[in-house]
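J.: okay, sequence plus prediction incoming.
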Amino acid sequence: MTMAFLETSSAKIPLQDGNSNAYRFDYPEIYVLILTVILLAVHFNFSPTSMALVVIVCLPSLMLLIYNYRRQTSFWTSNIVIILLSAVIGSIQFCPIISLSLSALIGLRVILSSPENHLKLIAVSVVTVIVFYYVSVTLSSAQIDCHEGLITPVILLTSMLVLLCHFRHVYNDYINYEARAQQAVGRLNTMVSVINKLTRFVPLQVWEPIVKSDSPVNVDNKRAKLTIMFSDIVGFTELSESLSADNLADILNTYMHCMTLIANKHGAVLDKFIGDGMVCFFGEPNSRGPRQDALDCVAMAIDMRREMRTLRQKWRLLGFEGLYIRIGITTGYCHVGNFGSNSRLSYTLIGKEANLASRLEAVAGEGEIFISDSTYDYISHDYDCEYAGAFQLKGFDKKINAWQVLDPDKNKGQLSKWVDHTLPGFNLHLNFRDMQDNDYQDIRNRLNLALARIEKEEQTIALEMLEASKQENNRH
């Protein structure tokens, strides 16, 4: 974070005076340079060597002041400043106090530069100091004495002021950087929260590529082979007329929640909810092949039918009877993709096969899964199916063959993970997949209690029948 701050702090920052075009000057050490060479010229009575140093330093410094006033710092401007500072250090033959003061300014300028330029600037500084040192020694054989007078304390004081000025600017930049970082984090968290909310309205397979790779979103669709499933709740319309809106919403939301979890588990694209029904499909945007897509869709439908058994038991305890799911599935070519306009898009599918899945679902009975011939050809080797008949479906000229997918657990006998049996006054529903190890004893106790009650009730009925038989014999 510190390196990121130093990189951003080297840019020009507008002064907080209401004028967006006013910028601070980022090289105050140039003022120290000009002051130093002028004081040195005065100290050495304007000797030719000192005047040459004034020209060599002041002319580029003034040009740099004008050039950099409204421009950002750069490697080349920082390089020139360091060369000028190093030239003065070499020219005064390493006068201790002044050299340390100017070296501190060089070190600060190196630190404020980009990390990849540090070694370059240090190398330039060392070379410049050595060159000007030998030039100074050559031109003036005597040792330069700069300890007398006010030159040393003045330069030391001004260097300290420049360092404090830089520290103040860096500290203010750091505070502003922290504030901007906090604002950016807040905006990012808000965006993530909003995206998480919006993604609940869009299928996972649609929004995930957009978020990960920022892929373009346009009106675009293509023809693809899909396996499509339509489902709804049998008897829901009649039930809705006798229930309050709150109970109806609770039942519908519970149903959709459970079915959505199953659809996501199998990798289906949940296209839409239509009242108490839902539309899912496999094959786009991620296909595992037409046969595997069909198998995945049928496996999902079977899991939905099983889950509906569990929901039905819960709803019976609340007094809601007779809620069953029915499902229609077909496989074929449809157009799938983004439909709509540039301002409003919907990822969905259209085509005759989608209508066929809807019609198969409409003719299916309670708890039945109807599939077309095309889907049957793909899944018949893996699932037991029963020919349901040929149906004249709305929108189709010829009769359509339908196959019913049987429950895989139905013929497993003792190996089945489900036990579901219903008689008038009797409901038995066992789901061994959801049972926990510590539940078996409690289930066994409750079944034994139920058996005892059945035996007691059976004995009572037997005694009543025997008593009625005796009374009938006495009459005769």
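T.: It's in.
J.: for the rest of this, base every contact and every neighbour count on C-alpha atoms.
T.: Will do.
J.: where along the protein do the helices fall?
T.: 2-9, 29-43, 48-67, 75-91, 96-112, 118-139, 151-198, 204-213, 236-240, 245-266, 290-317, 352-363, 373-379, 440-475 (DSSP state H).
J.: what about the third one, average pLDDT?
T.: In this case it means helix 48-67. Across helix 48-67, the average pLDDT comes to 87.
J.: so what secondary structure elements neighbour that helix?
T.: helix 29-43, helix 75-91 (3 or more Cα pairs under 8 Å, 6 or more residues apart in numbering; DSSP states H and E).
J.: swap in 6 Å and give it another go.
T.: When contacts are defined as 3 or more Cα pairs under 6 Å, 6 or more residues apart in numbering; DSSP states H and E, helix 48-67 sits against helix 29-43.
J.: show me what the helix it packs on is packed up against.
T.: Against helix 29-43 (3+ Cα pairs under 6 Å, 6+ apart) you get helix 48-67.
J.: redo that, cut-off 10 Å
T.: helix 48-67, helix 75-91, helix 96-112, helix 151-198 (3 or more Cα pairs under 10 Å, 6 or more residues apart in numbering; DSSP states H and E).
J.: got JSON lines for those helices, with mean neighbour count and distance to Gly275 too?
T.: Putting the helices and strands packed on helix 29-43 into JSON lines (neighbours: other Cα atoms under 10 Å; distance: least, Cα to Cα, whole Å) gives the following:
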{"stretch": "helix 48-67", "mean neighbour count": "16", "distance to Gly275": "70"}
{"stretch": "helix 75-91", "mean neighbour count": "22", "distance to Gly275": "66"}
{"stretch": "helix 96-112", "mean neighbour count": "18", "distance to Gly275": "64"}
{"stretch": "helix 151-198", "mean neighbour count": "14", "distance to Gly275": "21"}
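J.: could you dump those helices to TSV with distance to Lys314?
T.: Compiled in TSV, these are given as follows (distance: least, Cα to Cα, whole Å):
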stretch	distance to Lys314
helix 48-67	80
helix 75-91	73
helix 96-112	69
helix 151-198	30
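J.: which of those sits closest to Phe281?
T.: helix 151-198 (21.0 Å; Cα to Cα).
J.: mind checking how far Asp293 is from Leu102?
T.: Distance, Asp293 to Leu102, by Cα to Cα, to the nearest Å: 74 Å.
J.: typo on my end, Ser125
T.: The value you get for Ser125 to Leu102, if Cα to Cα is used, is 11 Å.
J.: shared neighbours, those two?
T.: 82, 85-86, 89 (Cα atoms under 10 Å, 6 or more residues apart in numbering).
J.: and those residues, which two are the farthest apart?
T.: The widest separation within those (Cα to Cα) is 10.5 Å, between Ile82 and Ile89.
J.: quick check: neighbours shared by the two?
T.: Common neighbours of Ile82 and Ile89 are listed as 102-103, 125, 128 (criterion: Cα under 10 Å, 6+ apart).
J.: mind checking the longest strand of this protein?
T.: Ranked by residue count, the top strand of the chain under DSSP state E comes out as strand 324-340.
J.: so what are the sheet partners of that strand and their directions?
T.: Note on strand 324-340: by DSSP bridges, its sheet partners are strand 220-234 (antiparallel), strand 345-350 (antiparallel), strand 369-371 (parallel).
J.: any idea which of these is most buried?
T.: strand 369-371 (a mean of 30; mean count of other Cα atoms under 10 Å).
J.: so what touches that strand?
T.: Under Cα under 10 Å, 6+ apart, the answer for strand 369-371 is 228-231, 298, 301-302, 305, 325-331, 356-357, 359-364, 376, 379, 385-388, 401-407.
J.: so where is the stretch 351-476 of the chain shaky, pLDDT-wise?
T.: 410-425, 427, 429, 431-434, 476 (pLDDT under 70).
J.: switch the cut-off to 90
T.: 351, 365-367, 380-384, 394-398, 407-476 (pLDDT under 90).
J.: ok so, going back, so which of the helices of the chain gets nearest Glu284?
T.: Nearest to Glu284, of the helices of the chain and by Cα to Cα, is helix 204-213 at 8.5 Å.
J.: in the longest strand of the chain, what counts as buried?
T.: Using 16 or more other Cα atoms under 10 Å as the test for burial, strand 324-340 gives 324-339.
J.: so how far is Tyr383 from Gly332?
T.: Distance from Gly332 to Tyr383, by Cα to Cα: 19 Å.
J.: tell me the contacts of Thr128?
T.: Thr128 touches 82-91, 122, counting by Cα under 10 Å, 6+ apart.
J.: so Gln404 sits against Tyr387, correct?
T.: Yes - between Gln404 and Tyr387 there is a contact under Cα atoms under 10 Å: 6.2 Å.
J.: more neighbours: these two, which one.
T.: It is Gln404, of Gln404 and Tyr387, that has more neighbours when counted by other Cα atoms under 10 Å, with 21 against 13.
J.: so what sits opposite the more buried one in the bridge?
T.: Phe370, Glu386.
J.: please report how far it lies from Leu360.
T.: Note on Gln404: its distance to Leu360, by Cα to Cα, is 10 Å.
J.: quick check: neighbours shared by those two?
T.: Shared contacts of Gln404 and Leu360, counting by Cα under 10 Å, 6+ apart, come down to 327-328, 369-372.
J.: which residues does stretch 438-458 contact?
T.: Outside of stretch 438-458, the residues within contact range by Cα under 10 Å, 6+ apart are 430, 432, 435, 459-464.
J.: just flag the most distant two among those residues.
T.: The distance between the two most remote of these (Cα to Cα) is 39.5 Å, for Met435 and Glu464.
J.: can you redo the shared contacts of Gln404 and Leu360 as CSV with distance to Ile66?
T.: Formatted as CSV, those follow (distance: Cα to Cα, whole Å):
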residue, distance to Ile66
Ile327, 79
Gly328, 79
Ile369, 82
Phe370, 83
Ile371, 81
Ser372, 82
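J.: Gln392: how many residues sit nearby?
T.: 13.
J.: look up phi and psi at it.
T.: The phi and psi values for Gln392, taken as degrees, to the nearest 10, are phi -90, psi 100.
J.: residues contacting it?
T.: Taking Cα under 10 Å, 6+ apart as the test, what Gln392 contacts is 359, 363, 398-401.
J.: neighbour-wise, give me the winner out of the residues you listed.
T.: Arg359 (23 neighbours).
J.: and it, how far from Thr348?
T.: Distance, Arg359 to Thr348, using Cα to Cα: 18 Å.
J.: next: Asn264.
T.: Going from Asn264 to Thr348 by Cα to Cα gives 17 Å.
J.: what sits against the closest residue to Val110 other than its chain neighbours?
T.: In space, and not counting its chain neighbours, Val110 is closest to His118: 5.7 Å by Cα to Cα, 6 or more residues apart in numbering. His118 makes contacts with 75, 107, 109-112, as judged by Cα under 10 Å, 6+ apart.
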